[in-house]
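Colleague: Pasting a predicted model and its sequence here:
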Amino acid sequence: MTKRDGTIGLGRLLANRLYPVTLAVGVLVSISLPATYYVLESRALSRAATIHAQALSEHLQSLILEVPALWKYQAYKYMVILQEFLHYKAVTSVRVLDEAGQPVTLYEHRSAEAEAWWNRYAPVGSAPIIFNNRKVGTVHVGVSQGHLLALTLALLLLSAALGVGLALVMYRLPIGVVKGMEAQIQGLIETVERSNAKLQREAKEADTLLEEANRERRRLAALNEVSRRLAALHETGQILSLIVNEAARLLGTEGAGLRMVDGEDLVVRARTESVADLMARGRIKVGESLSGLIVATGEPVVVEDLAGDARYDVSHKRAALEQGFHGFLGVPLRVQGQTIGVLNVYTKARRRFTPDETSLLFAFADLAALAIEKGRLLREAEAGRALLADRVIALEEALAGVKRLQGLLPICAWCRKVRNDQNYWQQVDSYFAEHAEVRFSHGICPDCKKKLSPA
């Protein structure tokens, strides 16, 4: 588990765990050795005090043998015994009690060292005074522990230094090792995290690409279906009606409309029933309102809320707000780089169309423009075919007449009448007028004129 600062925290965790342990070890090492030494040496001093008390008790027994009844009052002799007893001994106090446990005042001894603070609780040894197998008193001997305390203090300082050093070694050595391992582990974790981050980015990119591919596949499938349906239609009204209805379905909107360029105007050619009032003006100028702006610029227009768009026609905006329409997306209809109209979709919810949705409507508008252009070309081709058929019929009739004139023509050798196909004889001029659209004008040639007027 990593901390907020990005580290594993093993060194910190180990330090938190080791701190009380190493502190306890340091304290234990610092105190145990001098404490043990003090206890042992204090017991030794107590035993030495007891030995001193037994030795002084033996000296007092000799004094009692001399004066059994007055031994407690032999101050001079006691002082001599005491001087010999104290020689080369670290005795700080001597107390002698009688058989009743009362101190023998004359035999009290307390040195100046006994008043020092370190001898306030100095070791004391005791021994009974026996005379005739009967305890007649008790001797208490206290010994100085100044030397012992000095040695114990020195040992304490040495032990403290040893304990601190040992604690530091116990604390720092494993932490240093763990921190080194932690740095290696942290490096591995960072490497793994970078690899995971890279894999996540790649997976996210793959998901994005897959989503885009699926979206493009669905988009192409929808456009292909619409293209197939448009290709099956030839009547312009059906094509335009299919375009507006499919545009509304593809974009998931409540309405759609289409205007076509007619000179300087835009004319409503198709619309869903839901937006009839929004396109009440049958003609608007290029550059006027949102549709005119799209045709003038050749760029799409996206409006999240028509209520706040000042470019929108006032009457159309009023109708849109009355019927609850807000969202708008319009794209130009273009054929070979020329704008021939505009396709609009409308939504009742406030909606900011995405670039993908705009691209989808653009692609659909291109299909729609091609279908409209195809319908126009088909109409022109149909009209051309009809005109051509009329001309062919007229030409065939003319050719038929020419052929009849080129065949054998029966004519009377006397009256010059011509026999027609129904076996009737008719005048030459009327025959040619009927079959060759020829009209005769009558006159007299010079030869006939001489014959008719010889004079």
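Modeller: Received it, and whenever you're ready, just let me know what you need.

Colleague: For Val301, what are phi and psi?
Modeller: Main-chain dihedrals, Val301, degrees, to the nearest 10: phi -130, psi 130.

Colleague: same check, this time on the one 3 residues further on
Modeller: Backbone dihedrals for Glu304, given as degrees, to the nearest 10, come out at phi -70, psi -40.

Colleague: Now do the contacts for it.
Modeller: Going by Cβ atoms under 8 Å, 6 or more residues apart in numbering, Glu304 touches His326, Gly327, Arg350, Arg351, Arg352. From N, CA and C alone the C-beta is placed, and that goes for glycine too.

Colleague: Also Gln323?
Modeller: For Gln323, the contacting residues are Ser274, Asp277, Leu278, Lys348, by Cβ under 8 Å, 6+ apart.

Colleague: what are the ranges of the strands in the stretch 351-455 of the chain?
Modeller: 418-419, 425-426 (DSSP state E, counting those that start in this stretch).

Colleague: Out of the ones you listed, indicate the one that is most buried.
Modeller: Mean neighbour count (mean count of other Cβ atoms under 10 Å) peaks for strand 418-419 among these, with a mean of 16.

Colleague: any idea which helix is longest in the chain?
Modeller: In the chain, with assignment by DSSP state H, the single longest helix is helix 146-231.

Colleague: Now that one: average pLDDT?
Modeller: Across helix 146-231, pLDDT averages out at 83.

Colleague: Output the contacting helices and strands for the very next helix or strand once past that helix.
Modeller: Sequence order places helix 236-251 as the next helix or strand after helix 146-231, per DSSP states H and E. Counting contacts by 3 or more Cβ pairs under 8 Å, 6 or more residues apart in numbering; DSSP states H and E, helix 236-251 is packed against helix 146-231, strand 255-262, strand 265-271, strand 338-347, helix 355-406.

Colleague: Which positions in helix 236-251 come out as buried?
Modeller: Thr236, Ile239, Leu240, Ser241, Leu242, Ile243, Val244, Glu246, Ala247, Ala248, Leu250, Leu251 (16 or more other Cβ atoms under 10 Å).

Colleague: Can you name the residues that contact Val295?
Modeller: By Cβ under 8 Å, 6+ apart, the residues touching Val295 are Val261, Leu266, Val286, Gly287, Pro332, Thr339, Gly341, Val342.

Colleague: Make JSON lines from those residues and add pLDDT, distance to Gly255 and neighbour count to it.
Modeller: Listed next are the contacts of Val295 as JSON lines, based on pLDDT from 0 to 100; distance: Cβ to Cβ, whole Å; neighbours: other Cβ atoms under 10 Å:
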{"residue": "Val261", "pLDDT": "92", "distance to Gly255": "21", "neighbour count": "17"}
{"residue": "Leu266", "pLDDT": "92", "distance to Gly255": "17", "neighbour count": "27"}
{"residue": "Val286", "pLDDT": "91", "distance to Gly255": "23", "neighbour count": "18"}
{"residue": "Gly287", "pLDDT": "90", "distance to Gly255": "23", "neighbour count": "14"}
{"residue": "Pro332", "pLDDT": "94", "distance to Gly255": "19", "neighbour count": "24"}
{"residue": "Thr339", "pLDDT": "91", "distance to Gly255": "22", "neighbour count": "17"}
{"residue": "Gly341", "pLDDT": "93", "distance to Gly255": "17", "neighbour count": "26"}
{"residue": "Val342", "pLDDT": "93", "distance to Gly255": "15", "neighbour count": "25"}
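
Colleague: Out of those, name the two that are farthest from one another.
Modeller: Within these, two members stand farthest from each other by Cβ to Cβ: Gly287 and Gly341, at 14.5 Å.

Colleague: that older thread, Ser93: which of the helices and strands packed on helix 236-251 is closest?
Modeller: helix 146-231 (13.6 Å).

Colleague: Give me the below-cutoff pLDDT ranges for the stretch 251-400 of the chain.
Modeller: Within the stretch 251-400 of the chain, the stretches with pLDDT under 70 are 397-400.

Colleague: try 90 this time
Modeller: Scanning the stretch 251-400 of the chain for pLDDT under 90 picks out the ranges 251, 263, 276-282, 307-308, 310, 312-321, 335-338, 356-357, 359-400.

Colleague: And the helix or strand hosting Val331, how far out from the chain middle?
Modeller: Val331 belongs to strand 327-335 when assigned by DSSP H and E. Relative to the centre of its chain, strand 327-335 is centred 35 Å away, using Cα atoms, centre = their mean, to the nearest Å.

Colleague: So which elements touch that strand?
Modeller: helix 289-297, strand 301-303, strand 338-347, helix 355-406.

Colleague: switch the cut-off to 10 Å
Modeller: The contact analysis (3 or more Cβ pairs under 10 Å, 6 or more residues apart in numbering; DSSP states H and E) places strand 327-335 against helix 236-251, strand 255-262, helix 289-297, strand 301-303, strand 338-347, helix 355-406.

Colleague: how far out from the middle of the chain is the fourth one?
Modeller: Just to be clear, that refers to strand 301-303. 30 Å.

Colleague: now swap in the first one and tell me
Modeller: When C-alpha coordinates are averaged (Cα atoms, centre = their mean), helix 236-251 and its chain have centres 40 Å apart.

Colleague: One more: the longest one?
Modeller: On the basis of Cα atoms, centre = their mean, helix 355-406 is displaced by 58 Å from the centre of the chain it belongs to.

Colleague: Against which helices or strands is it packed?
Modeller: Using 3+ Cβ pairs under 10 Å, 6+ apart: helix 355-406 touches helix 146-231, helix 236-251, strand 255-262, strand 265-271, strand 301-303, strand 327-335, strand 338-347, helix 428-435.

Colleague: neighbouring strands for the shortest one, and are they parallel or not?
Modeller: So the one you mean is strand 301-303. When pairing is defined by DSSP bridges, strand 301-303 lines up against strand 327-335 (antiparallel).

Colleague: And the partner strand, what's buried?
Modeller: So for strand 327-335, counting by 16+ other Cβ under 10 Å, buried means Gly327, Phe328, Leu329, Gly330, Val331, Pro332, Leu333, Arg334.

Colleague: and which of those residues is nearest Asp390?
Modeller: Closest to Asp390, out of all of the buried residues of strand 327-335 and judged by Cβ to Cβ, is Leu333, at 33.8 Å.

Colleague: check contacts around the closest one.
Modeller: Taking Cβ atoms under 10 Å, 6 or more residues apart in numbering as the criterion, Leu333 is in contact with 243, 258-261, 294-295, 339-343, 365-366, 368-370, 372-373.

Colleague: Figure out which of the helices and strands packed on helix 355-406 is closest to Pro446.
Modeller: That would be helix 428-435 among these, by Cβ to Cβ, at 20.5 Å.
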